[in-house]
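In: fold the following.
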Amino acid sequence: MAFALGAAAAWAGYIVLGKRVATRGAGIDSLAIGFAAATVLLSPLALGTTAVWGQPDLLGFAVGVGLLSTVVPYVLDQVVLRRLGQARFAVLLALLPVTAAVVGFLVLRQVPTPGEAVGIVAVVVGVALRSSSRP
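Out: Numbers count the residues shown, from 1 in each chain. Okay, the predicted model is just below:
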């Protein structure tokens with residue numbers, strides 16, 4: 001329960017700070033500064049990955065995965081946050097696990113367990129209740 005509450009608090013903080021950066025800051029430029037700072041702070045963690053630096057194809061794949069899994073989604077988040085409010089963005093974020101489960105089922109043939117299916121239905125019901133409570 002503590003981990004779930006901690007995750008919820010982290011998501012709420014992400015939404016509030018992301019909205020603040022999207023509207024008050026320089027948007028994507030502020031995001032670029034954040035990525036540069038994170039690169040400098042986290043680069044010492046790459047010291048133990050010497051095998052990657054000697055293989056250009058593997059390094060290219062690593063850079064590609066980094067761009068596609070962090071930069072692109074966060075830039076899209078900034079664009080959406082600037083255009084939508086925090087509440088609508090939170091609803092969209094709540095639907096991400098449902099989307100992932102559908103894609104996993106269709107593309108990878110991963111069938112959710114009964115517990116996972118109940119969780120997916122609970123998320124959909126929660127989103128539907130929240131969406132129907134306000135116009």
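In: helices along this protein, start to end?
Out: Along the chain, the segments classed as helices by DSSP state H run 2-23, 28-42, 50-53, 56-66, 72-83, 86-94, 96-108, 114-133.
In: what's the least confident stretch among those?
Out: Mean pLDDT across the helices of the chain is lowest at helix 50-53; the value there is a mean of 76.
In: TSV please, covering the helices of the chain and showing mean neighbour count.
Out: Backbone N, C-alpha and C define where each C-beta goes, glycine included. As requested, the helices of the chain are arranged in TSV below (neighbours: other C-beta atoms under 10 Å):
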stretch	mean neighbour count
helix 2-23	13
helix 28-42	12
helix 50-53	10
helix 56-66	11
helix 72-83	15
helix 86-94	15
helix 96-108	12
helix 114-133	12
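In: centroid-nearest residue for this protein?
Out: Closest to where the C-alpha atoms of the chain average out (C-alpha atoms, centre = their mean) is Pro73, at 6.5 Å.
In: from Ala37, how far out is that residue?
Out: According to C-beta to C-beta, to the nearest Å, Pro73 and Ala37 sit 18 Å apart.
In: now do Tyr74
Out: Distance from Tyr74 to Ala37, by C-beta to C-beta: 14 Å.
In: repeat for Leu58
Out: 26 Å.
In: residue contacts, the closest residue to Leu59 other than its chain neighbours?
Out: Among residues not flanking Leu59 along the chain, Val52 sits closest, at 5.4 Å (C-beta to C-beta, 6 or more residues apart in numbering). For Val52, the contact set (C-beta atoms under 8 Å, 6 or more residues apart in numbering) comprises 58-59, 62.
In: is it true that Val21 touches Ser30?
Out: Yes - contact status for Val21 versus Ser30: in contact at 4.9 Å, counting by C-beta atoms under 8 Å.
In: for the residue of the chain most remote from its centre, give me phi and psi.
Out: Relative to the centre of the chain, and counting by C-alpha atoms, centre = their mean, the farthest-placed residue is Gly54 at 30.5 Å. Main-chain torsions, Gly54, degrees, to the nearest 10: phi -90, psi -10.
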